[in-house]
Structure formats: structure tokens, C-alpha cells
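[1] Okay, predicted coordinates and the sequence, questions at the end:
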Amino acid sequence: MTVYLVGAGPGDPGLLTRRGAEVLARADVVVYDRLASPALLALAPPGAELVDVGKAPGRAAMTQEQINELLVARGERGEEVVRLKGGDPFVFGRGGEEAEACIAAGVPFEVVPGITSAIAAPAYAGIPVTHRGLSTSFTVVTGHEDPAKGTSDTDWDALAKAGGTLVILMGAGRIAEIARALVAGGRDPDTPVAAVRWGTRPEQRTVRATLATIAQAGVEAPSAIVVGAVAALDLAWFERRPLFGRRIVVTRAREQASELRARLEALGAQVLEIPAIEIEPVDFALPDVGAYEWVVFTSANGVDAFFDRGLLAAGLDARALASSRVAAIGPGTADALRRRGIVADLVPERFVAESLLDAFPAPSGPARVLLARAEVARDVLPEGLEAKGYTTDVLPVYRTRPAAPDPADLEALRAGAVDAVTFTSSSTVTNFCDAVGPLPEPPPLVVSIGPVTSATARARGLSVDAEADPHTIDGLVAAVLDAFGGTRAGGAA
């Protein structure tokens, strides 16, 4: 049993340390606060208990004393407890108090440091806290002391005279008072100030002003506030990514969405997963694969199901396909085959059933084709192969079914807070439209992975603004960029 005091970092899930991810992966209970990214909770085991103890201005789910008691009680039960805290647990995170509570109760604990927003938020805003010729030191201070103390430990006069960079955390609500104190202590009223709100997150915003004007600049919590000459530097990169500020819906099955989500987030987008489908296994009897001249796969899902529930379940592997030629409808399917040790013999130039049929050679004599696909799919391939002279056996290896979207994400979509919706198959279109109903006006951009998906979207009354070419995840991401004209929210290319 151990209580892990884990620094979740400032917001970007990618900034969690490897050690933090390791302990999250085996947690029995995760006690998390407001500033820990929700995406990190997905790293916990499916059965882990998630306890929200977040604090916000004027609201606290639990007092610090109650949090301490909770950690101790669950630790004493012999559970693996992860206390997930924004930033670093020992930088204004009250992790020291939680460690003291564990020591007093004899509960083992471990501290997993995290990246503090005092450094990360300015870095994501393009502001180095030290810079040659401008600042050789930096000081981190809280702008929100415990009001019960009745006195202040912060000597603003001394900080004003110390020079260097000053980083103020939790000071948005008192910024006018703090600016006055620094000016009174000797700082020039024209000293640059930058306030980075929600640093490292897709909703990051940076306000730039001076000590004389920062009180009127609209600084909001949570912000990391940088005071000093470095705050005038603008080495911005995060807020200049091409999709920064865009909210984009991904409708793929949740287990498939990670690649597309990661690609869009790397370009700056805030991604909402509203999965329209779920992939469900189908029980099937594996035929004698060696009796077929061709085995055809129409999706990566079909490849995975065919191998996992077919070949591997029967004690076979890729060698069972040694006497057959293998066709894949597109590069995504071909990549799935390659991961299983198979190089596809045929991949058409265009990644649709019609193109696969055009590329398929005519048989020289009696020949059989095994088509591994979804339980419900278009009959273009089997009918076309039969017309070419093949005997075709359709083997359903998986099915799709409608998924239940998160109500909060649906609410954001219906409220018009989304810039684009992406579709990767006809079934995602159908199930999305059934779940969501009419899109708000003006509607978000609709981006489709290919012509079949686009046709389904138009049949459901959607206007397709962009279509991937090639019909792959890479093509879909490129189509999203093209749909926004290579611009970012706020304007510049």
C-alpha cells in the first residue's frame, strides 16, 4: 500500500512524467484536483475509483483536512492511492501537508514531482523566465496566502528591489494590489507583465501589459503572471499552431480515436471525442484459409478481428495465409496487416471498394475469394468480384453499433461551441446524426474521409465542406487544415 503524491503538470497531458503514468496505471483510487487534466484519468485502470476533490474560487469539494483524512484512510486499507495534483505537489500544492498526514498515520507515501506551471506556462507562451542580457534569476511566489494567518509572508518591497523575473501563481484576483505594491517598492510602472491563463492547454490565452496597466487588462484565474523584462519577449509557438483555438469533434470509435486525436492536438486543436460507433466482436468459424486464392480486408478492424478471433484463436498465425494473395482497401488496412506480418499484394490507388475492384485481376480459372469485413457493409465488393468470375465468401468478423456520447460534449456541440466535425465512415455519420439531431446554425464545418462517407453525410442533410484525398487519417488531417485555410483562431496564417 502506498499513497503517491503525483504532480500532474500544468495541463498538457504530455507533460506528465513516466513515473506518474506508471503509478496511475495501477491505482485503486485516484484523488484528483481541478487543475489536473481529465485526459490523465483515462490512464487509470477501468475499475479505479475517481474522487474529485477540486477547489475553485469560492468552492471546495473537500477541505484540505478532509483530503488528508481520505488519503490516510484509503492508504490504511491497503489500497494504491494516487493523489493527482496540478503542477508539482510541493510548489504551492499543499503536498507537504498531505505528506505530513501520511507520516503521522504511519502510511507509506511517495512524491512524484511534476512540471510546475511557474516555468511551463511562460514557456508555452514563448516567455523564458531567464534570458541572457535580461534576467539571470527568477522568483516564484504565491499571490494567494492563507487569509486565516492574519499576516503576510510575502515581502513585496523586497521582491520589487530584488530584480530578475518574478512569477506569481494564484494572483489573478489580487493583481491590482500586487502591482501597486511592486511599484511602491521601486519597480518601474512600465515593467512588462504577461499573464498566461490555462497555460499549456488548448484554451491558453496570454495577456500582455505593464505594471501600470495590468489591473485593467482582464486577468482571470488560473493564470501564471510573469513580471520583468522577459515578459516583453514574444517567442510564441504554442498559440501559433495552425489549429490553435479550434474545437474539433472526432466521431471514430473511442478505441480508434487516439491517432486522429493526437494528430489534431499536435496542430493545436482542442478535440472532443463524440464516438458515434463502438466496435463489437462477432463469433465466427474460421474457414480453411488455404482454399482461397485471395483474402480481402476492407478495414483495420477487419484485420484485427480476423487475426485475434480467427487465426490466433485457432492456434494459427500469419503463415496460414502463405498460399493466398492478400488485398487491402487502403494504406490503413495495409498497415494493420503489416503489423501482423503480412505485406498486402494489392492496394488500390483510391481507397474505396470500386477502386479495389478496378485493380483486382481477372481470374485465370475457377478461383475463390474470402472477404473479411463488417457484419453490415455495402455489397459492392462481393457483387463486383462475383461479376469478375470469382466465387466469393463473405466472412463477417466484427460489427459496429451506436455509441453513447458524453452529454457534456453533446451540449457543447449543440451550443455551437464546435468549429468542425470529422467523419471516418458512413456508420459514424449515421449514428452521429441519430444521436445529435440537427446541427446548430451556423453549422460547424463537416470534413469527410472519402466519397462514400461524404455521400452518406449529404443523404443525411449535411453539407460536406472538405473531403480527404487520399482517404486516410493523414488525408483527413490535411483536409481539416485546408478547410480552415491554413489560419488559426484570431487570424494570422
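    Looks like it arrived, so ask away.

[2] Check residue 124 and give its pLDDT.
    What the model reports as pLDDT for residue 124 is 97.

[3] Please read the previous query as pertaining to residue 160.
    According to the model, residue 160 scores 95 on pLDDT.

[4] who touches the longest helix along the chain?
    Taking DSSP state H as the criterion, the chain has its longest helix at helix 64-76. With CB atoms under 8 Å, 6 or more residues apart in numbering as the test, helix 64-76 has contacts from 1-3, 28-29, 31, 51, 53, 62, 81, 83, 94, 97-98, 101-102, 105, 107-109. In short, each C-beta sits where N, CA and C put it, glycine included.

[5] Show me just the buried residues among these.
    3, 28-29, 31, 51, 53, 62, 81, 83, 94, 98, 101-102, 105, 107, 109 (16 or more other CB atoms under 10 Å).

[6] quick one: which of those sit in helices?
    Short answer: these in helices (DSSP H) are 98, 101-102, 105.

[7] Tell me which residues touch residue 457, please.
    Taking CB under 8 Å, 6+ apart, one finds 423, 429, 446, 448, 464 in contact with residue 457.

[8] quick one: residue 122 and residue 199 touch, right?
    Yes. Using CB atoms under 8 Å, residue 122 is in contact with residue 199, at 7.4 Å.

[9] Would you mind grabbing the residues shared as contacts by those two?
    Joint contacts of residue 122 and residue 199 (CB under 8 Å, 6+ apart) are residue 224.

[10] As JSON lines, the ones in helices among the buried ones among the contacts of helix 64-76 with distance to residue 241 would be great.
    Output for those, formatted as JSON lines (distance: CB to CB, whole Å):
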{"residue": "98", "distance to residue 241": "36"}
{"residue": "101", "distance to residue 241": "42"}
{"residue": "102", "distance to residue 241": "41"}
{"residue": "105", "distance to residue 241": "46"}
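
[11] how about TSV for the residues you listed, with pLDDT added?
    TSV is the format used below for those (pLDDT from 0 to 100):
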residue	pLDDT
98	97
101	97
102	97
105	96
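
[12] from the contacts of helix 64-76, which ones fall inside strands?
    Residues of the contacts of helix 64-76 located in strands (DSSP state E): 2-3, 29, 31, 51, 81, 83, 109.

[13] In a markdown table: the residues you listed, plus pLDDT.
    As requested, these are exported to a markdown table (pLDDT from 0 to 100):
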| residue | pLDDT |
| --- | --- |
| 2 | 90 |
| 3 | 97 |
| 29 | 97 |
| 31 | 96 |
| 51 | 94 |
| 81 | 97 |
| 83 | 97 |
| 109 | 97 |
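
[14] Out of those residues, which is nearest to residue 337?
    Proximity of the ones in strands among the contacts of helix 64-76 to residue 337 (CB to CB) peaks at residue 29, which lies at 41.0 Å.

[15] List the contacts of the closest one.
    Residue 29 touches 48-51, 74, 79-82, counting by CB under 8 Å, 6+ apart.

[16] chain center to stretch 294-313: distance?
    28 Å (CA atoms, centre = their mean, to the nearest Å).

[17] can you check stretch 443-452 too?
    Taking mean C-alpha positions (CA atoms, centre = their mean), stretch 443-452 and its chain are 21 Å apart.

[18] and if you look at stretch 441-460?
    So, by CA atoms, centre = their mean, the centroid of stretch 441-460 is 23 Å from its chain's centroid.

[19] Which positions in it come out as buried?
    Buried, per 16+ other CB under 10 Å, within stretch 441-460: 444-454, 456-457.

[20] Output the residues you listed as TSV; include the columns distance to residue 174, pLDDT and secondary structure.
    Compiled in TSV, the buried residues of stretch 441-460 are given as follows (distance: CB to CB, whole Å; pLDDT from 0 to 100; DSSP: H, G, I helix; E, B strand; the rest coil):
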residue	distance to residue 174	pLDDT	secondary structure
444	39	94	coil
445	42	95	strand
446	46	96	strand
447	44	97	strand
448	50	96	strand
449	50	93	coil
450	54	92	coil
451	58	92	helix
452	58	90	helix
453	52	93	helix
454	54	96	helix
456	55	95	helix
457	51	95	helix
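
[21] Out of the residues you listed, the closest to residue 217 would be?
    residue 444 (31.2 Å).

[22] gap between the nearest residue to that closest one once chain neighbours are set aside and residue 384?
    Closest residue to residue 444 apart from its sequence neighbours, by CB to CB, 6 or more residues apart in numbering: residue 418 at 4.7 Å. Relative to residue 384, residue 418 is positioned 38 Å away (CB to CB, to the nearest Å).

[23] Please identify which of the two sits among more neighbours.
    residue 418 (22 against 17; other CB atoms under 10 Å).

[24] who touches the more buried one in this structure?
    So residue 418 contacts 247-249, 272, 412, 444 (CB under 8 Å, 6+ apart).
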